[in-house]
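K.L.:
Sequence below, structure please.
(2 chains)
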Amino acid sequence: MWPHLVRRRLPSKAMVYLSPVLALVLSMLAGIILFLIMGVSPLGALHAFFIEPLSSVYGLAELGVKATPLVLIGVALALGFKAGVWNIGAEGQLTMGAICGGVVALYFYDREGFYIIPLMLGAGVFGGVAWAAIVAFLRVRFNANEILTSLMLSYVAGLLLNMLMHGPLKDPDGFNFPESRQFSDSALLPLLQEGTRLHIGAIIALAAVALGWLILSRTLLGYQIKVAGSAPAACEHAGFSHAKIIWTTLLLGGGMAGLAGTIEVAGPIGQLLPNISPGYGFTAIIVAYVGRLHPLGVLFAGLLLALTYLGGETAQIQLNLPVAVTGVFQGLLLFFLLASDVLILYRLQFGMAAPAVETS
Amino acid sequence: MKDNPPYLIELQGMTKAFPGVLANDAVDLKIKPGEIHALLGENGAGKSTLVKMIYGILKPDAGTILFNGQPVKIDTPADARDLGIAMVFQHFSLFDSLSVVENISLGISRAVDLKQLAGEITEISGRYGLPLDPHRHVYTLSVGERQRIEIIRCLLQDPRLLVMDEPTSVLTPQEVRKLFLTLNRLAGEGLAILYISHKLDEIKALCHQATILRLGKRVNTVSVDTESTSSLAMMMMGEEMEKIARGQAVATGEIRLKVDNLTMPAMDNTSISLTDIHLEVRAGEIVGIAGVAGNGQDELLKALNGEESCQLAASIIIENQHSGKLGPNARRRAGMASVPEKRLGHGAIPDMDLVDNAFMTGFQRMGLLAKGLINYSKTRTFAQKVIADFGVKTAGAKVPANSLSGGNLQKFIIGRELTQQPDILIVSQPTWGVDAGATQTIRQSLRKLADRGAAVLVISQDLDELMEMSDRIGAICGGRLSLFYPTAEMTVEKVGLLMAGVPLEKGGAHVASFS
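P.N.:
This next block holds a predicted model:
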């Protein structure tokens, strides 16, 4: 007999937090089946995915490196999603941030100075903000769906980067490879730990978590964001401008994505390349949801999703698995999360046909 | 053949429990053929629960239903229809873009010939005084006409029992009179009618028998002829209601709110445009605006409280200041507070707690914001004061708004606005769906606010409420306001004309008269 879904009288608080855990367990089970089909020992694969990357200092530092952009963007996206503003084009905003920050670095390539990094970060934020501003303008002025515009602009940004790499920003001494010059030392983020790639971007990401938490729980802006997403008519009644909230959350998301883009090129990469991000901007959407749109949750979710990137690399090297396994794993996680979230509003009932209204 | 049993339907010991509440506690009910039987009770007395069990929407925990003397099991609405039970719901299920006959054909499971169906509709509508053109599109019809579609849809099934859930809440007094003629004619032909209402005058005028429910229990079943409205009210409320003294002083205070030639186009094709609105509310008076739902009440409220901005700043004058272009919070600072009709989702945020909901409209005047940060301890104190002062029954201030009953949430919302001591209060449907006790609390607190010198504007579909509370009364119809008249000189029939957009011969005024 199939179980029925019965609506709960009140949403379950416990399921809000249990749902990501359930989703993780289900993704692992699905992963095991996947590995069996591919003829790989599931135990070995899970070890490569989840244990191996965490068993060395270097691995832990890499976890921080990968989590940094995910957390930075995830926090800002969480604020937007809470307000009902669906910016799914953080990847493009990240790319524009990387381009703007990178241009500053290349402009100062033969100079030294403490001012270069702040200028780069500022330019990165500006690039992301400008890209998101297009989305905000189209949404507020013409009511154009931000899901579509932000996504399409991501591809525009990617193509723009490609064009710059094959043209104006190509390294003149680079044997015609589509890559920029290496940034000068003054344009590289300081490392937190010698011998690893962990840089001060990780500190900035932690600060973003704290700031996001402060905004959401204590400020009028955070209150407006929550009301706008939860009850738009009540938002109007309270006198909050919906347009202002759309602008603010989109620009915030764009700015943080742009900052993350600059941090990537000024941190682990050290130059502009045609491919600067393995989809951090898209994965950050999963991060925001797995983190329950809460800044602290985003921190943990960012670390978890960073682990799937690292695990994917290890699995690729040790077990010859295709790189697509990472994407499959991330997709499974979001898929199971959305499915598990049904249990927040409904509960399963086994046995005979359910009564129309829950009576317990 | 056996003798016909005296009762068409007989309910015995119907019991239904919901989490935390016994909605129906061993309720008995008997209806004879041809009888119009009232089911009377306050909101939350268990009327809907009982009816839903009769119509097969809810399953009873205990109790038996005899139909024609035979015990029956009604598990689904289809079972109910097979027995000959038909129901007209409070909310219609009609497709606006389809014609009357198309809508009715959708409710019939067998294949139908539209032309023949249209003939049947015309025949029934002629026989029972329900004028209706089968080929009109629903969106062109008034609410009263839409209700006729639902009634005809029921009559086509040749029912033996017709259940009507609060059918008059959306009708003008004139439409109500026509409906009653129809129902009397149907009863005369032997149809049993179960008529659910809490409007005593209607029950006196229409029904033969009345069963009164209170708190899920059957209080009594009486013959309507032998009871007075007040004795029915006493059985319904369980206590004598105290009348609210109308404001003694004639309103001669200064004008606090003036609306001058306000015109506002409709936002979209489901909303109403406001035309030529003139209105004055003075300190110390309660002004009432009657009207059938969907005639621009919501739009008027939003124009007044600033949710929709006016084209001309001079259209709305608050305390002698041109305010038409001010937003809601600027108007709050100027002394205006408002309570929208829809509580969950407009007046309150359903899934946020009462502390957050107190902040929602209170943060300006209560000073709950310091340097961009929310002062939560002050907000909590404010929320707790509202809960205590207005007797809001809740497990605390940290529970979500949607866990409160309608009446308690309304007390909280009105308390939130009144605690801010506004000089002007605009409130829409202050006691809709609110139980009698809370209704009294709310009406008294509005009167007290006016007596303290505030200007109060009440927009309501409950005519009795306006006749009882307001000093002056007018009506809104199709986005236009009527003139206003001293309530003491008005009758329900006259207000009914205003609600239908018919001007009265005797001159009224936009403003208070100084006679």
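K.L.:
Next to chain B, which bits of the stretch 201-350 of chain A? Give me the list.
P.N.:
Applying C-beta under 8 Å from any C-beta of the partner chain, we find that the stretch 201-350 of chain A lies next to chain B at A:218-221, A:223, A:226-227, A:230-231, A:233-234, A:236-239, A:241. For the C-beta atoms, the positions are set from N, CA and C on the backbone; glycine is no exception.
K.L.:
What separation is there between the residue nearest the centre of chain A and residue B:356?
P.N.:
Against the mean C-alpha coordinate of chain A, by C-alpha atoms, centre = their mean, the closest residue is residue A:284 at 1.5 Å. Residue A:284 is 27 Å from residue B:356, where distance means C-beta to C-beta, to the nearest Å.
K.L.:
Just give the nearest non-adjacent residue to residue A:71, would you?
P.N.:
Counting by C-beta to C-beta, 6 or more residues apart in numbering or on different chains, the nearest residue to residue A:71 once its immediate chain neighbours are dropped is residue A:302, at 3.7 Å.
K.L.:
okay, now the one you found: neighbour count?
P.N.:
For residue A:302, the count of nearby residues is 32 (other C-beta atoms under 10 Å in any protein chain shown).
K.L.:
Give me the helices and strands touching the one helix or strand it maps to, please.
P.N.:
Element membership of residue A:302, judged by DSSP states H and E, is helix A:295-319. Here helix A:295-319 touches helix A:13-37, helix A:42-46, helix A:57-82, helix A:201-218, helix A:280-290, helix A:324-340, going by 3 or more C-beta pairs under 8 Å, 6 or more residues apart in numbering or on different chains; DSSP states H and E.
K.L.:
Pull the most distant pair out of the residues of the stretch 201-350 of chain A next to chain B.
P.N.:
Set against one another by C-beta to C-beta, these have their most distant pair in A:218 and A:233, with a gap of 24.8 Å.
K.L.:
shaky segments in the chain?
P.N.:
All of this refers to chain A. In the prediction, chain A carries residues with pLDDT under 70 at positions A:1, A:351-360.
K.L.:
my bad, chain B
P.N.:
In chain B (pLDDT under 70), the answer is B:1-4, B:19-20, B:43-44, B:170, B:238-252, B:269, B:506-515.
K.L.:
Quick one: name the residues of it near chain A.
P.N.:
Within chain B, the positions near chain A by C-beta under 8 Å from any C-beta are B:17-19, B:57-59, B:302, B:305-307, B:327-329, B:332, B:338, B:340, B:342, B:345-352, B:356, B:359-361, B:363, B:369, B:372-374, B:376, B:400, B:403.
K.L.:
go again using 7 Å as the cut-off
P.N.:
Taking C-beta under 7 Å from any C-beta of the partner chain as the criterion, the neighbours of chain A within chain B are B:17-19, B:58-59, B:306-307, B:327-329, B:340, B:345-352, B:359-361, B:369, B:372-374, B:403.
K.L.:
now the helices for the stretch 401-515 of chain B?
P.N.:
Read by DSSP state H, counting those that start in this stretch, the stretch 401-515 of chain B holds these helices, from start to end of the chain: B:406-419, B:436-451, B:463-469, B:492-499.
K.L.:
Just want the angle from the first one to helix B:436-451.
P.N.:
Here helix B:406-419 runs at 20 degrees with respect to helix B:436-451, directions being taken by axes from the mean of the first three to the mean of the last three C-alpha atoms, to 10 degrees.
K.L.:
Quick check: buried residues in helix B:406-419?
P.N.:
By neighbour count, and taking 16 or more other C-beta atoms under 10 Å in any protein chain shown as the criterion, the buried residues in helix B:406-419 are B:406-419.
K.L.:
I'd like to know which of those is nearest to residue B:50.
P.N.:
residue B:406 (18.9 Å).
K.L.:
Can you tell me the closest non-neighbouring residue to the closest one?
P.N.:
Computed as C-beta to C-beta, 6+ apart, the closest residue to residue B:406 that is not its neighbour in sequence is residue B:433, at 4.5 Å.
K.L.:
residue in the stretch 251-400 of chain B nearest to chain A?
P.N.:
When scored by C-beta to the nearest C-beta, the stretch 251-400 of chain B has residue B:328 as its residue closest to chain A, at 3.3 Å.
K.L.:
unless I'm mixing things up, that residue is touching residue A:240, no?
P.N.:
No - taking contacts as C-beta atoms under 7 Å, residue B:328 lies outside contact range of residue A:240: 8.7 Å.
K.L.:
Identify the spatial nearest neighbour of residue 254, chain neighbours not counted.
P.N.:
Went with chain A since none was named. With sequence-adjacent residues excluded and distances taken as C-beta to C-beta, 6+ apart, residue A:254 is closest to residue A:132, at 2.5 Å.
K.L.:
nope, chain B please
P.N.:
Going by C-beta to C-beta, 6+ apart, residue B:254 has residue B:283 as its nearest residue, at 5.6 Å.
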